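*Asks:* A predicted structure for the sequence below; I have some questions about it.
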Amino acid sequence: MPNYSFRCVEGCAFDAMYSMSEVPRQTACTKCGATATRAITAPHLSAAGSSAYGLLERSSRSAHDPQTVDRLPARGAASRQPVTRNPLHAKLPKP
């Protein structure tokens, strides 16, 4: 359901969810009870989920504030990658 913004005559602003066919032009304010009219706002058109927003936030943060390393990582038990001898696998991009 879409989220609509409303503003009352007292200056209170709040959001309410209505189906597109049932959204009113005016409703009672949830804070003071005065008549509130629907405000015109920019639509939210993104189809990205919160994980995508987190990735964008981390990448933009790393652009101006990169993480630094102050020591080498601890050496643990090294796990060997299995080696394939299939010639078709040689054409795949390397990680």
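*Replies:* Ah, there it is. Quantities reported herein were computed from a predicted structural model and do not represent experimental measurements. Residues are numbered from 1 along each chain as shown.
*Asks:* so where's this structure shaky on pLDDT?
*Replies:* By pLDDT under 70, the weakly predicted segments of the chain are 1, 44-49, 62, 77-78.
*Asks:* if you set the cut-off to 90 instead, what comes out?
*Replies:* By pLDDT under 90, the low-scoring segments of the chain are 1-4, 9-11, 15-24, 30-33, 39-87, 89-95.
*Asks:* check the secondary structure at R75 for me.
*Replies:* Three states are possible here, and by DSSP: H, G, I helix; E, B strand; the rest coil the one that applies to R75 is coil.
*Asks:* got it, and Y4?
*Replies:* What three-state DSSP gives for Y4 is strand.
*Asks:* measure it to T35 for me?
*Replies:* Counting by CB to CB, to the nearest Å, the separation of Y4 from T35 is 15 Å. Every residue, glycine included, has its C-beta placed from N, CA and C.
*Asks:* who has more neighbours out of these two?
*Replies:* Using other CB atoms under 10 Å, the more surrounded residue of Y4 and T35 is Y4, with 17 against 12.
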